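In: pasting the sequence and the predicted model now:
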Amino acid sequence: MKSIFCILSILILSKFQAQSWKNDEQYIQKFAPYAVEEMEKYKIPASITLAQGLLETGGGQSRLAQIGNNHFGIKCKEDWTGKTMKHTDDAPNECFRVYDDPRESYEDHSKFLAYRQYYVNLFKLDMKDYKAWAHGLKKAGYATNPRYAYILIDKIEKNRLYEFDNTNSKEVLYTILKMYPNLESDRIFMAQLEQSKVKPKPATVTVPYEQTSYAKQQQKVNQLKTSAEMLNSILVKNHPNGGRKFVVIPMDTQLSLISKKFGISESKLMKWNELDGGELMRNDILFLESKASSGNLATYKTKVGETMHDVSQKFGIKLSKLYSKNRMEYGEQPRVGQLIYLQSKKPRS
C-alpha cells in the first residue's frame, strides 16, 4: 500500500513540474471557454480575444487582472457606472473598470468592440481570418504599439489559438484536452471548467477492509489532494525589481514540493532566498531565480515585526547586499521605522 501512495505522489508532482513556468498555457486552459462563448455571441474570433487577454494580463499575472478581474485593460470611459480602480498605465493613477469576475470582463471586451464605430469594419472580416483581425485592430487604433498586430499573430500561432476559432462552447473542452493531453486525468482542472460535461474517471485505490486502516489511507489521499490543489494555485509572478520570477506560498508546506513543481533544486532555492531550512510558511515570498544587488526604490521604512530577511524578500535584494548597504552586521535586525537603504550605501554618520 505504501508503494501506491508513493506512485501517486510522483505522478502528481511530475505533472506539476511539467507545467512549470507555463503561465500562458494555464491562462488558455482556464479562459478559452469564455473566449469561445464570446465568439458565438459577438462573432469575434476566439483566437483574437484569447491573444489580447494573454498580452494584456501577461498570462493572468497583471495587477488589473488579479485585483480588478480586468483582462483587457479597459479604462472607465464616460459611460462606465460600475466599480473602478486606479492603475498607472499611460499616465499615473488612471481609472480602470473593475468586474465581479473575469467572465464579465470578457463580455465587456466584446461589447467594447461590437458597439463602437471605430471597430465596425472588423465585423466585415472573415471570422476565421485572425491575421486580418489583428491588423484590423491595429488600423482601428486599438493599440499604439506599431507591432501590435504581429504580436497578436505571434501569440496565436505560438499557442495554436486558431484551434478555438473552429470549435464551439459544447466542444471547447475537447479542444483543450486535444491541445493539452496531460490534463485528461487532472480532476482539479476538470472541476475548474464550469462548462465541463466530461467527467474524468475517478482514481481507484485498494485499501484494507479494516476501518482504522481505511481512515489512515483516506487521510493520506486527502493530504495528497490538498498538496496538489496548493501547487495548482501557485502563480509565477514578475517582481517590480527587474522582473525576477517569484511566487507567494499559499499555505504552510515543504520546500521540496516547490522544488519538484518548478524543477529547481532545493539547494538553489535555499541559496537564492537565504533559507536555512525546508519549511515554508503561508504568504512567504520565494524567488525562483537569484535576487538583485539593489532595489527599485531608494529607501524603505520598516514596519512592526519586519526583519532584514523580510525586507530582502519584499524588494528582491540579496540579503548580504542589503546588510552591506546599511552598514549593519549580518544577523542584526532593524528597529521599527528604521530607514533602510535599498540602492546606495547608507551615509556614514
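Out: Structure's in. What do you need?
In: S47 - nearest residue in space that isn't next to it in sequence?
Out: L161 (3.9 Å; C-beta to C-beta, 6 or more residues apart in numbering). All C-beta spots, glycine's among them, are computed from the backbone N, C-alpha and C.
In: quick check: that neighbour vs Q52, distance?
Out: 10 Å (C-beta to C-beta, to the nearest Å).
In: in what helix or strand does E38 lie?
Out: helix 23-42 (DSSP states H and E).
In: buried residues in that helix?
Out: 23-24, 26-29, 31-39, 42 (16 or more other C-beta atoms under 10 Å).
In: closest one of the residues you listed to T175?
Out: A32 (7.4 Å; C-beta to C-beta).
In: immediately after the helix or strand H309 falls within, which helix or strand?
Out: Secondary structure assignment for H309, by DSSP H and E: helix 308-315. Following helix 308-315 in sequence order, the next helix or strand is helix 319-325 (DSSP H and E).
In: give me the contacts around that next one.
Out: 274, 293-294, 308-309, 311-312, 329-330, 332, 340-346 (C-beta atoms under 8 Å, 6 or more residues apart in numbering).
In: coming back round to it: is it true that the residue nearest to S47 touches G53?
Out: No - using C-beta atoms under 8 Å, L161 makes no contact with G53, being 10.1 Å away.
In: which neighbours do those two have in common?
Out: The contact lists of L161 and G53 share no entry, where a contact means C-beta under 8 Å, 6+ apart.
In: list the helices and strands the helix holding E38 packs on?
Out: helix 46-57, helix 102-114, helix 172-179 (3 or more C-beta pairs under 8 Å, 6 or more residues apart in numbering; DSSP states H and E).
In: angle of the shortest one against helix 23-42?
Out: Spelled out, that is helix 172-179. Between the axes of helix 172-179 and helix 23-42, defined by axes from the mean of the first three to the mean of the last three C-alpha atoms, to 10 degrees, the angle is 150 degrees.
In: looking at the helices and strands packed on helix 23-42, which has the lowest confidence?
Out: Sorting the helices and strands packed on helix 23-42 by mean pLDDT places helix 172-179 lowest, at a mean of 86.
In: who's H87 bridged to?
Out: Note on H87: beta-bridge partners E94, judged by DSSP bridges.
In: contact partners for it?
Out: With C-beta under 8 Å, 6+ apart, H87 has these contacts: 63-64, 68, 93-94, 96.
In: same thing but 10 Å
Out: Listed by C-beta atoms under 10 Å, 6 or more residues apart in numbering, the contact set of H87 reads 62-64, 67-68, 70, 73, 75, 93-96.
In: what of D276?
Out: 270, 309.
In: can you classify it by secondary structure?
Out: coil (DSSP: H, G, I helix; E, B strand; the rest coil).
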